[in-house]
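In: fold the following for me, if possible:
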Amino acid sequence: MGVIVDEEVLTCSIPPARLFKAFIVDSHNLIPKILPTVFKSIEYTNGNGGAGSIKVLSYYEGGEVKTMKHRVDEVDEKNLVYKFSILEGANMGIDFESASIVNKVEAGPDGGCIFKSTNTYTTKGDNENEIREGIKKAKEGLVGFFQAVVGHLQSNPDAYN
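Out: Next up is the predicted model:
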């Protein structure tokens, strides 16, 4: 068992608070609408999005609907920080003992923002190549979701203001 810390840094022209509201706070509503071929639904099964809430993501993979369960650990709308843990799905229990994610949105150049996602994985077993491939796939997904939200906000300048 080991620990892998992985970080992704993305930038865009959207103001920080607006991106945080769309990409983090209202993601359960927005992302299934703009990515209906990827997500069937994102719902809170416990709580309303604050710390302790449980979020279930239902997504399509290989013609099947699969689920992933997250626990919200912190939502700091003032400092634009969102922390969560993956409880189920994403090879949890197979390749990973635990996975915790910290997403932070900061001011960027020219009124835009910098999105930082720091993922800490406690691995299980010794299949490092498969684990790193899974992490790479997750990063690619994050980039795609980010780009979809940014595109939506650019096309809808009055949304999430």
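In: now the nearest residue to A22 once chain neighbours are set aside: how far from Q147?
Out: Nearest residue to A22, sequence neighbours excluded (CB to CB, 6 or more residues apart in numbering): Y160, at 4.4 Å. Using the backbone N, CA and C atoms, a C-beta is placed for each residue, glycine as well. The gap separating Y160 from Q147 is 16 Å, by CB to CB, to the nearest Å.
In: with neighbour numbers in mind, choose between the two.
Out: Y160 (20 against 12; other CB atoms under 10 Å).
In: quick check: the residue nearest to A22 touching D26?
Out: Yes - the criterion here is CB atoms under 8 Å, and Y160 meets it with D26 at 7.1 Å.
In: now the common contact residues for the two.
Out: Common contact partners of Y160 and D26 (CB atoms under 8 Å, 6 or more residues apart in numbering): none.
In: any idea how far the residue of the chain most remote from its centre lies from F115?
Out: Ranking residues of the chain by C-alpha distance from their mean position (CA atoms, centre = their mean) puts D126 at the top, at 25.9 Å. To F115, D126 is 33 Å away according to CB to CB.
In: tell me which helix or strand T67 sits in.
Out: strand 64-76 (DSSP states H and E).
In: note down every partner strand of the helix or strand that that strand is followed by and its orientation.
Out: Next in sequence after strand 64-76, counting helices and strands by DSSP H and E, comes strand 81-88. Strand pairing for strand 81-88, determined by DSSP bridges: strand 64-76 (antiparallel), strand 96-107 (antiparallel).
In: coming back round to it: so the residue nearest to A22, which of the three states?
Out: coil (DSSP: H, G, I helix; E, B strand; the rest coil).
In: quick one: residues contacting it.
Out: Y160 touches R18, K21, A22, D26, L153, counting by CB under 8 Å, 6+ apart.
In: same thing but 7 Å
Out: R18, K21, A22, L153 (CB atoms under 7 Å, 6 or more residues apart in numbering).
In: among these, which are in helices?
Out: The members of the contacts of Y160 that map onto helices under DSSP state H are R18, L153.
In: show the buried residues in the contacts of Y160.
Out: Neighbour counting with 16 or more other CB atoms under 10 Å marks R18, K21, A22, L153 as buried within these.
In: farthest-separated two in those residues?
Out: K21 and L153 (9.7 Å; CB to CB).
In: can you list the low-confidence ranges for the chain?
Out: Regions of the chain meeting the criterion pLDDT under 70 cover residues 1.
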